[in-house]
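Trainee: have a look at this fold, sequence not included:
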Ligand code: FES
Ligand SMILES: [Fe+2]
């Protein structure tokens, strides 16, 4: 694909009040191929939590773009990330999502690898009549070009040409800390996860996590049910975020964008008693201070570009995006909880998670249906340019607003407004990073 054509898929002229993307970025298989190589295989991708592999020889299987990735803890306790592909002729050497194995033996011809990725046995090697050059090859699993963690969040990159993970995460670390500091022992993946596939491009999910504009139109059933519960029409009286209060003038609401495509929306909560963390808030305040504790009760949806999202607007959800093809995406979702939280807080968290999130919750199916409708709509080849990236353009600030200043965070852009503005400039960061990576790759 020509460099000029690629650059022409995003129109980014804020001074002229223009930002839009061409629909080919959602529907052209050639663009998808380039994205896999130049976005997913050229930047840091979230792999999992270190706490998923607590013991020696524990492993998890995951993906970087199309590359199957095996993360293992070796016998000495060191974590490593490897391409899950046998050096002999390519088969996966580990199949299950997670487990514990000192050795991974390829099911095809029996080459065996240790949990440090090194080859430990080539079946019938002595009698093989291998040429001398063969012995000089590294037969071990290929390590990822980069592998690092931020406070137990594991990331890998297939390209060595990436900034340090700390630089990549940059200012978002303050908000990641708000996720990770929910108890003195941190946050954990509550056992169980759901995976589902929607018939749409992966960027639809990237957008949705920070898309406030859809809330009142795509999720009316959830809002209706919250309203009915408030009137007492509920046997269990589950406390959930009251989205109708989003419109109240007391609610402060904003969005931030960061370097490397990351983006976030946030808002204050009318009644913090609906937050499981509120039950322990005095301890949280002592640990992280008044200001951060207040922020930890705010709703915060954060995308670490391109494939990791924390949605903390009801319960606390981690989403991992795996693109399958230009019009197919796999989502895996986890409920996160404060380690050691009370049974009451954990129960509230789980019920809220099932209520709003989860593949059977009252919000997720609304969103996935909208993605599939969009993807179907992109079949209309008479329309090329989207009109969905302009809300907030005359309100967006370069740099921090007063709330970011107070926290000591330096976003690239900030918006702060009443609910009804429902900013769309928050999407620009992802597309700017998309274009930067694609240009760099194609060049
Ligand atoms: S493909 Fe693994 S041993 Fe042959
Ligand atoms: Fe939604």
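Mentor: Arrived safely. Please read all numbers here as calculations on a predicted model, not as lab measurements. Ligands and ions are numbered 1, 2, ... in the order given.

Trainee: what sits against the most centrally placed residue in the chain?
Mentor: Centroid-nearest residue in the chain, with C-alpha atoms, centre = their mean: residue 308, separated by 1.1 Å. Shown in contact with residue 308 (C-beta atoms under 8 Å, 6 or more residues apart in numbering): 45, 46, 318, 319, 320, 321. C-beta: built from backbone N, CA, C; applies to glycine.

Trainee: which intervals of the stretch 201-350 of the chain have sub-threshold pLDDT?
Mentor: Along the stretch 201-350 of the chain, segments meeting pLDDT under 70 span 235.

Trainee: and the strands in it, which stretches?
Mentor: Listed in chain order, the strands of the stretch 201-350 of the chain (DSSP state E, counting those that start in this stretch) span 253-257, 263-267, 299-304, 308-312, 317-325, 328-338.

Trainee: tell me which of the ones you listed is the most buried.
Mentor: Comparing those by mean neighbour count (mean count of other C-beta atoms under 10 Å), strand 253-257 ranks first with a mean of 26.

Trainee: tell me what it is packed against?
Mentor: strand 263-267, strand 413-417 (3 or more C-beta pairs under 8 Å, 6 or more residues apart in numbering; DSSP states H and E).

Trainee: out of those strands, nearest to ligand 1?
Mentor: Between ligand 1 and the helices and strands packed on strand 253-257, the tightest spacing by C-beta to the nearest ligand atom is seen for strand 263-267, at 41.2 Å.

Trainee: sheet partners, orientation included, of that closest one?
Mentor: strand 253-257 (antiparallel), strand 299-304 (antiparallel) (DSSP bridges).

Trainee: what's the angle from that strand to strand 308-312?
Mentor: Counting by axes from the mean of the first three to the mean of the last three C-alpha atoms, to 10 degrees, strand 263-267 lies at 0 degrees to strand 308-312.

Trainee: give me the contacts around strand 263-267.
Mentor: 172, 175, 210, 212, 246, 251-258, 295, 298-303, 305, 419, 423, 426-427, 429-430.

Trainee: on that earlier part again, and of the strands of the stretch 201-350 of the chain, who's closest to ligand 1?
Mentor: Of all those, strand 317-325 sits nearest to ligand 1, with 23.7 Å by C-beta to the nearest ligand atom.

Trainee: which residues does the closest one contact?
Mentor: Applying C-beta under 8 Å, 6+ apart, the external contacts of strand 317-325 come out as 29, 32, 35-36, 40, 46, 62-63, 65, 189, 197, 201-202, 205-206, 209, 306-311, 329-336, 353, 357.

Trainee: relative to it, what are the paired strands and their orientations?
Mentor: Assessed with DSSP bridges, strand 317-325 is paired to strand 308-312 (antiparallel), strand 328-338 (antiparallel).

Trainee: so how far is it off the chain centroid?
Mentor: 7 Å (C-alpha atoms, centre = their mean, to the nearest Å).

Trainee: kindly report the same for stretch 84-92.
Mentor: Counting by C-alpha atoms, centre = their mean, stretch 84-92 comes out at 28 Å from the chain centroid.

Trainee: what residue spans form the domains of this protein?
Mentor: According to automatic domain parsing, the chain comprises the domains 47-150, 163-442.

Trainee: pick the most buried one from those.
Mentor: For the domains of the chain, the highest mean count by mean count of other C-beta under 10 Å goes to domain 163-442, at a mean of 18.

Trainee: next, the distance between the ends of that domain.
Mentor: Taking C-alpha to C-alpha, to the nearest Å, domain 163-442 runs 19 Å from one end to the other.

Trainee: all helices for the stretch 1-150 of the chain, in order.
Mentor: Ranges of helices in the stretch 1-150 of the chain, per DSSP state H, counting those that start in this stretch, are 3-7, 24-27, 29-38, 132-135.

Trainee: save the ones you listed as a markdown table, and put in distance to residue 439 and mean pLDDT too.
Mentor: Formatted as a markdown table, the helices of the stretch 1-150 of the chain follow (distance: least, C-beta to C-beta, whole Å; pLDDT from 0 to 100):
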| stretch | distance to residue 439 | mean pLDDT |
| --- | --- | --- |
| helix 3-7 | 6 | 85 |
| helix 24-27 | 13 | 98 |
| helix 29-38 | 8 | 97 |
| helix 132-135 | 39 | 94 |
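
Trainee: quick one, which of those helices gets closest to residue 442.
Mentor: Evaluated over those, closeness to residue 442 peaks at helix 3-7, with 5.4 Å, by C-beta to C-beta.

Trainee: residues in contact with the closest one?
Mentor: For helix 3-7, contacts defined as C-beta under 8 Å, 6+ apart pick out 31, 34, 435, 438, 439, 442, 443.

Trainee: re earlier: looking at the helices and strands packed on strand 253-257, which is closest to residue 382?
Mentor: Using C-beta to C-beta, the helices and strands packed on strand 253-257 put strand 263-267 closest to residue 382, at 30.5 Å.

Trainee: between that closest one and strand 413-417, how big is the angle?
Mentor: Angle between the axes of strand 263-267 and strand 413-417 is 20 degrees (criterion: the same axes, to 10 degrees).

Trainee: I'd like the distance from strand 263-267 to the chain centre, please.
Mentor: Centroid separation for strand 263-267 versus its chain: 14 Å, with C-alpha atoms, centre = their mean.

Trainee: the closest residue to residue 187 other than its chain neighbours and residue 61, how far apart?
Mentor: Nearest residue to residue 187 in three dimensions, chain neighbours excluded: residue 336, at 5.1 Å (C-beta to C-beta, 6 or more residues apart in numbering). Distance check for residue 336 against residue 61: by C-beta to C-beta, to the nearest Å, it reads 20 Å.

Trainee: likewise for residue 81?
Mentor: On the measure of C-beta to C-beta, residue 81 and residue 61 end up 11 Å apart.

Trainee: quickly list what's touching both of these two.
Mentor: Each of 69, 70, 71 lies in contact with both residue 81 and residue 61 under the rule C-beta under 8 Å, 6+ apart.

Trainee: could I get these as a markdown table with distance to residue 119?
Mentor: As requested, the shared contacts of residue 81 and residue 61 are exported to a markdown table (distance: C-beta to C-beta, whole Å):
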| residue | distance to residue 119 |
| --- | --- |
| 69 | 18 |
| 70 | 14 |
| 71 | 18 |
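
Trainee: which ones among those map onto strands?
Mentor: When DSSP state E is applied, those are split such that 69, 70, 71 fall in strands.

Trainee: would you mind giving the residues you listed as JSON lines with pLDDT added?
Mentor: Shown next, in JSON lines, are these (pLDDT from 0 to 100):
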{"residue": "69", "pLDDT": "98"}
{"residue": "70", "pLDDT": "98"}
{"residue": "71", "pLDDT": "98"}
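
Trainee: before I go, just wanted to say thanks for your time.
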